[in-house]
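*Asks:* everything below, folded, please.
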Amino acid sequence: MRKLMGRTGPVPRHLALLAALGLIVAACGEGDFADENGDADDTIQDDADVDDDVDDTEEEAAEEVDVEDAPVSDPPEIDCDPIEEELEEHTINFGIGLATNSPQGLSVQFFGDYLEECTDGQLTVELFPDSQIGDDLEMMDGLQTGTLEMTFPSTSPIVDTVPGLGVFDLPFLMPDAETADEVLDSEVGDRLLDEFEGTGLKALNWAENGFRQVTNNVGPIESPEDLEGLNLRVMENEIHVDMWETLGASPTAMAFGEVFSALEQGVIDGQENPWVTNVTSNFWEVADYGSETRHVYTPFIMMIAEDFYNDLPQEFQDVIDEASEEAKHYQRTVSREMDEWAREEFDALGPEVNVLDDDQLQEFVDATEEVYDTWAPEIGEDVVDDVLEIVEGS
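*Replies:* Have a look, this model is predicted:
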C-alpha cells in the first residue's frame, strides 16, 4: 500500500491565419483536442450564443477578481555579459494557453527580457497569450511545421508523444511542490525532456501547472464516497478518466472552453483545476463547493522548435538555455505564491472550501492503487519506479 508521504506588436500573417482557423474550429464545435494549456487557462471562452446579460455578468465578475492583487515576486535581476557581436536578429513568436498575467505569462515575459538584454536586442519575444493561436497540441504542431517558434504546454495532452509523461497523471503521486521539484530536476526528469529529440520539438525546461482541486455543486469532497455518481468534467487524458471512474465519479472529457457554460447549464456537476484557474476562470460563479484534493500535480514544459533552435548560432542557443533555466525558477515561485492567494480568494468569493487532511487523503491514495497497476506498463515501469523512489525518499 502506498502511503501519503506528507504535505507540506502586430500578429504575423501565418499566426493570424492559425488564430482564424482556431476560431472556425471552435465555432464548429470540434474543439476536442486535449487542451490542458486551456485547463489552466484563466480566460472564459464564451460560446457564440451566450447572450449579452451573461457577457455583462462575466465582465463584472472579472472586475471583482483582480490578479494584480496577488502577492507576486518581482522577476530576478538579469546577470549576463551581453553578446556584442552582430548576429542575425530574430523575433521569437511564443504562444501560451494562459493570460499575460498568469505565472506562465509572467515567466515568458521575463524570458523575453532576458534574451533581449543578453543578446543586445538581437533576440526578442512576441507573446501570444490566451490560446490565441491554438491549444497545446495545435501550438506544438506549429513548432513542428515551422509556423511558431516556442510554446509552453502541459504534460497531460502530450503523453502520446512521450508516454513517460503519463507518470505525472498518476493520482496522488506528489505530496508537495518541493518533491515535485526533486523529480523534475532529477536524472529521470532530464531523461523525459530528452525523449522529445527528433520529434521537431526541443524541450528546454520544466515549469509548474500545479496541483488540481475539485469544484462542484453537489457537496464537499471529503472521502471517495462523496464522488459517487458525480458528473465531473476531466482532462482529455485516459489516465485521468480511469482515476475518476475508479473513485466512483462519472467523468466527462471536455475541452476547457466548454466548461463554464456546461456548469452554468447543469450539464456537469463539477470540474477540477488548480486554484488559480478556478478563480480567474470565474468557476466560483458556478460552484457551491471547492475541495483541496491535490489529486494530480501537472508540470508545464517550455519548448522551442527544434529546427529553429538548431539553426541559431551557438551564442544564441546558450542564452536561450540560460534564460529558460532562470525562467523556470521564477515561474515556479510565482505559481506557488498565486496558488495560496487563489484558494483564499475562491473561499472569499462565496463557495464553501474544505481542505483534506492526511487521513482523508490516504483514503483516496488507497482507493486508486489499481490505477498504478493498470498504467505503469503503458507509462514505463522504469519511469514510474524511478519517480516513486524519489517521492518515497523525500
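
*Asks:* and the strands in the stretch 151-300 of the chain?
*Replies:* Using DSSP state E, counting those that start in this stretch, the strands assigned to the stretch 151-300 of the chain run over residues 201-211, 213-216, 231-234, 250-253, 270-273, 289-292, 297-305.

*Asks:* so what's His329 closest to, chain neighbours aside?
*Replies:* Nearest residue to His329, sequence neighbours excluded (C-beta to C-beta, 6 or more residues apart in numbering): Pro76, at 7.7 Å. Any C-beta I mention is one placed from the backbone N, CA and C, and that applies to glycine too.

*Asks:* for that neighbour, what are its contacts?
*Replies:* Neighbouring residues of Pro76 by C-beta atoms under 8 Å, 6 or more residues apart in numbering: 110, 326, 329-330.

*Asks:* so can I have JSON lines of the strands of the stretch 151-300 of the chain showing mean neighbour count, distance to Leu137 and mean pLDDT?
*Replies:* As requested, these are exported to JSON lines (neighbours: other C-beta atoms under 10 Å; distance: least, C-beta to C-beta, whole Å; pLDDT from 0 to 100):
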{"stretch": "strand 201-211", "mean neighbour count": "24", "distance to Leu137": "11", "mean pLDDT": "97"}
{"stretch": "strand 213-216", "mean neighbour count": "27", "distance to Leu137": "25", "mean pLDDT": "98"}
{"stretch": "strand 231-234", "mean neighbour count": "22", "distance to Leu137": "17", "mean pLDDT": "96"}
{"stretch": "strand 250-253", "mean neighbour count": "17", "distance to Leu137": "14", "mean pLDDT": "94"}
{"stretch": "strand 270-273", "mean neighbour count": "28", "distance to Leu137": "19", "mean pLDDT": "96"}
{"stretch": "strand 289-292", "mean neighbour count": "22", "distance to Leu137": "29", "mean pLDDT": "98"}
{"stretch": "strand 297-305", "mean neighbour count": "26", "distance to Leu137": "12", "mean pLDDT": "97"}
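
*Asks:* out of the contacts of Pro76, which two sit at the greatest distance?
*Replies:* Using C-beta to C-beta, the two most remote members of those are Phe110 and His329, lying 9.9 Å apart.

*Asks:* the two - which one has more neighbours?
*Replies:* Phe110 (22 against 15; other C-beta atoms under 10 Å).

*Asks:* select the longest helix from this structure.
*Replies:* For the chain, the helix with the greatest residue count under DSSP state H is helix 314-348.

*Asks:* next structured bit after it?
*Replies:* Going down the chain from helix 314-348, the next helix or strand is strand 352-355, by DSSP states H and E.

*Asks:* what does that next one contact?
*Replies:* For strand 352-355, the surrounding residues in contact (C-beta under 8 Å, 6+ apart) are 220-222, 288-292, 343, 346-347.

*Asks:* hmm, 6 Å instead?
*Replies:* Outside of strand 352-355, the residues within contact range by C-beta atoms under 6 Å, 6 or more residues apart in numbering are 220, 289-292, 347.

*Asks:* the closest residue to Asp169 other than its chain neighbours and Arg343, how far apart?
*Replies:* Leaving aside its sequence neighbours, Asp169 sits nearest to Ile239 (C-beta to C-beta, 6+ apart; 4.0 Å). Ile239 sits at a distance of 25 Å from Arg343 (criterion: C-beta to C-beta, to the nearest Å).

*Asks:* quick one, which of those two is more surrounded?
*Replies:* Ile239 (23 against 20).

*Asks:* how close does that one get to Glu228?
*Replies:* Relative to Glu228, Ile239 is positioned 21 Å away (C-beta to C-beta).

*Asks:* just for the stretch 151-300 of the chain, where's the confidence low?
*Replies:* Counting by pLDDT under 70, not a single residue of the stretch 151-300 of the chain qualifies.

*Asks:* try 80 this time
*Replies:* Judged by pLDDT under 80, the stretch 151-300 of the chain has its weakly predicted residues at 255-257, 280.

*Asks:* just the helices in it please.
*Replies:* For the stretch 151-300 of the chain, the helices defined by DSSP state H, counting those that start in this stretch occupy 177-184, 187-194, 238-246, 259-264, 275-280.

*Asks:* including distance to Leu312, could those go into TSV?
*Replies:* Formatted as TSV, those follow (distance: least, C-beta to C-beta, whole Å):
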stretch	distance to Leu312
helix 177-184	25
helix 187-194	19
helix 238-246	36
helix 259-264	39
helix 275-280	33
